[in-house]
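In: how would this look folded up:
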Amino acid sequence: MKVHFYNTMSSKLEEFKSIKPNIVKLYTCGPTVYNYAHIGNFRAYIFEDILKRTLKILGNKVIHVMNITDIDDKTIKNSFKQGRTLKEYTDFYTNAFFDDLDLLHIDRADFYPRATEHIKEMIELIEKLDKNGLTYKKDNSVYFSISKYNKYGKLSNIDIENVKSGARYDADEYEKDDIRDFVLWKGKKENEPFWESPYGEGRPGWHIECSAMSMKYLGKTFDIHTGGVDNIFPHHENEIAQSEGATGKKFVNYWMHCEHLIVEGKKMSKSLGNFYTLRDLIEKGYSALAIRYLLLSAHYRSKLNFTLKGLDDAERTVQKINDFKKRLMEYIPNKQASQIELRKFMDNFINYLSSDLNISGALAQFHEFMKAVNSAMSSNALSEISKDEALKMMEQFDGVLAILSEEEQDIPEEIYKLAEERWNAKKNKEWALSDSLRDKILNLGYTVEDSKDNYRILKK
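Out: Residues are numbered from 1 along each chain as shown. Got it, this is the predicted structure:
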């Protein structure tokens, strides 16, 4: 099957072909662990998770690397404020990040290299750039000279003529229109952690981290590099310059970027009160799987407007999906029923994902599949073969979507007793009592779904 992804480098849809057949080397920009990751970050991480899971369902082995930036201005400043060592501080938020990944059913990467553990590789890369005449030293720091690299700007289409030779911006954070030389090695400052290097005591700049760590684990040229659109310039542009400037080889074949997340139609901001971490939303009573569903529901190259109403809808949708799975598992097949056609839904699901991760089309096929199976169960027309196939397909769908709950609902004992009383009343044709008990169950936040020989309790 042919797979097509939109390549930021060419600004067009391209057929994807990995360097080695059925092996995909993937690098995704990871967190700077100075605080809890927010939902905008997780929009990108879930897009990357869908990409990875799609590649896998298509029969590929994916070698996935995600960096952990544990040394930058923010991590140093905040750890100093708290009176903790840099490692103590960043370990706490790194572990919190991994906890969040697990809650959101995001597959772990194969490697999570930390910047502080790869200083040697960064120094070696700077030495290669120095040897190739692409650096200069000033104020105890080492800079990449854009004016000496004539290929700069090919990812972001920055006009090289506008670059001011010799201008510097000695910080880890950049404005999008800041077209200047960038720091590779930052000279030692008071109260900052530092490492020894041929250029003096100091620490690496932000951009050099990803180049050094990605190439260590994936090679000088690899298949896919992803991130948010805000990474295109200057971060990814600088990665390309320093990587290709050092090796003379193409750095990455396919660049994929996801669009911004906005909240209630506005840019997410603490001052507007619309800034959410995963923990913030869970404290409001939302489930991690509903958050995942909402974050994956829009195409990665479209802006996602995150709203609490949308999250309420996602909560109900995820509940219905998990209820469907349980109902299917409990369904007693009709031995006389004919087999129903289900494979087309999975084929269409994969076809949509193969077309630049068309998640809207894929989700539509998933819901059509559930509709068809529900219809067959309701009319007692689902055979044993079709039930088994449907269950296997649910696992395949969830291999990409990852929204099935791993836990059974915790139904209170009181609800079980009321449901049993209602069932007995119904069997005895005590309709008024049955209806009264049904209403009582509803008022307590649950519903009862009847089948021919049994009933099932669902949370509303």
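In: what about N22, distance to F275?
Out: Counting by Cβ to Cβ, to the nearest Å, the separation of N22 from F275 is 41 Å. The way it works is simple: take the backbone N, C-alpha and C, and place the C-beta from them, glycine included.
In: Compare neighbour counts for the two and give me the winner.
Out: F275 (15 against 11; other Cβ atoms under 10 Å).
In: Quick check: the more buried one touching K267?
Out: No: with contact defined as Cβ atoms under 8 Å, F275 does not count as touching K267 (9.8 Å).
In: residues of the helix or strand containing I46 that come out buried?
Out: Under the criterion of DSSP states H and E, I46 resides in helix 39-57. By neighbour count on 16 or more other Cβ atoms under 10 Å, the buried set for helix 39-57 is 39-55, 57.
In: Which segments of the chain make up each domain?
Out: As given by automatic domain parsing, the domain ranges for the chain are 4-258, 266-401, 413-459.
In: and the ones you listed, which is most packed in?
Out: Ranked by mean neighbour count, the domains of the chain are led by domain 4-258 with a mean of 19 (mean count of other Cβ atoms under 10 Å).
In: what distance separates the start and the end of that domain?
Out: Using Cα to Cα, to the nearest Å, one end of domain 4-258 lies 16 Å from the other.
In: Number the chain from 10, please
Out: Let's use 10 as the start, then, which means that last one is domain 13-267.
In: Next, report how far that domain is displaced from the centre of its chain.
Out: 17 Å (Cα atoms, centre = their mean, to the nearest Å).
In: could you give the mean pLDDT of that domain?
Out: Mean pLDDT, computed over domain 13-267, is 92.
In: swap in stretch 302-310?
Out: Rounded mean pLDDT across stretch 302-310 is 98.
In: just stretch 442-453 next, same as before
Out: Rounded mean pLDDT across stretch 442-453 is 87.
In: Over to stretch 272-290?
Out: Averaging the model's pLDDT scores along stretch 272-290 yields 91.
In: got a list of contacts for it?
Out: Contacts to stretch 272-290, defined as Cβ atoms under 8 Å, 6 or more residues apart in numbering, come from residues 45-49, 51, 109, 112-113, 269-271, 297, 300, 314-317, 320.
In: Does anything pack onto the next helix or strand after the helix holding I55? Which helices or strands?
Out: Later in the chain than helix 48-66, the nearest helix or strand by DSSP H and E is strand 70-75. Helices and strands touching strand 70-75, by 3 or more Cβ pairs under 8 Å, 6 or more residues apart in numbering; DSSP states H and E, are strand 32-37, helix 48-66, helix 215-227.
In: and the ones you listed as CSV, adding distance to R123?
Out: As requested, these are exported to CSV (distance: least, Cβ to Cβ, whole Å):
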stretch, distance to R123
strand 32-37, 15
helix 48-66, 17
helix 215-227, 9
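In: quick one, what contacts C38?
Out: A53, M75, N76, C219, T235, G236, G237, N240, H244 are the contacts of C38 under Cβ under 8 Å, 6+ apart.
In: ok, the fourth one touching H244?
Out: Yes: using Cβ under 8 Å, C219 is in contact with H244, at 7.5 Å.
In: For the stretch 110-259 of the chain, which segments count as helices?
Out: For the stretch 110-259 of the chain, helices defined by DSSP state H, counting those that start in this stretch occupy the ranges 128-140, 215-227, 246-256.
In: So which of those helices is nearest H376?
Out: helix 215-227 (36.6 Å; Cβ to Cβ).
In: Tell me what angle the closest one forms with strand 32-37.
Out: Using axes from the mean of the first three to the mean of the last three Cα atoms, to 10 degrees, the inter-axis angle of helix 215-227 relative to strand 32-37 is 160 degrees.
In: any residues touching helix 215-227, and which ones?
Out: 34, 36, 38, 72, 74, 76, 78, 81, 120, 122, 124, 127, 130-131, 133-135, 181, 191, 193-194, 231, 234, 243-244, 247-248, 251-252, 255-256, 260.
In: now with 6 Å?
Out: 34, 36, 74, 76, 81, 120, 122, 124, 127, 130-131, 134, 181, 191, 193, 247-248, 251-252 (Cβ atoms under 6 Å, 6 or more residues apart in numbering).
In: Next one: K438 from S278, what distance?
Out: For K438 relative to S278 (Cβ to Cβ), the value is 60 Å.
In: and what of H13?
Out: Counting by Cβ to Cβ - H13 and S278 are separated by 36 Å.
In: cool, and L143?
Out: 38 Å.
In: now for the helix holding I55, which elements pack on it?
Out: Counting contacts by 3 or more Cβ pairs under 6 Å, 6 or more residues apart in numbering; DSSP states H and E, helix 48-66 packs against strand 70-75, helix 297-305, helix 393-410.
In: Using PDB, write down the CA coordinates of that helix.
Out: C-alpha atoms of helix 48-66 as PDB (Å, rounded to 0.1, in the frame of the first residue of the first chain):
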ATOM      1  CA  ILE A  48      -2.300  20.300  26.200                       C
ATOM      2  CA  GLY A  49      -0.700  22.200  23.300                       C
ATOM      3  CA  ASN A  50       2.400  20.000  23.800                       C
ATOM      4  CA  PHE A  51       0.300  16.900  24.000                       C
ATOM      5  CA  ARG A  52      -1.500  17.800  20.800                       C
ATOM      6  CA  ALA A  53       1.900  17.400  19.100                       C
ATOM      7  CA  TYR A  54       2.800  14.200  21.000                       C
ATOM      8  CA  ILE A  55      -0.500  12.600  20.200                       C
ATOM      9  CA  PHE A  56      -0.200  13.500  16.500                       C
ATOM     10  CA  GLU A  57       3.300  11.800  16.600                       C
ATOM     11  CA  ASP A  58       1.700   8.800  18.400                       C
ATOM     12  CA  ILE A  59      -0.900   8.400  15.700                       C
ATOM     13  CA  LEU A  60       1.800   8.600  13.000                       C
ATOM     14  CA  LYS A  61       3.900   6.000  14.800                       C
ATOM     15  CA  ARG A  62       1.000   3.700  15.300                       C
ATOM     16  CA  THR A  63      -0.100   4.100  11.700                       C
ATOM     17  CA  LEU A  64       3.400   3.200  10.400                       C
ATOM     18  CA  LYS A  65       3.300   0.100  12.700                       C
ATOM     19  CA  ILE A  66      -0.200  -1.100  11.500                       C
END
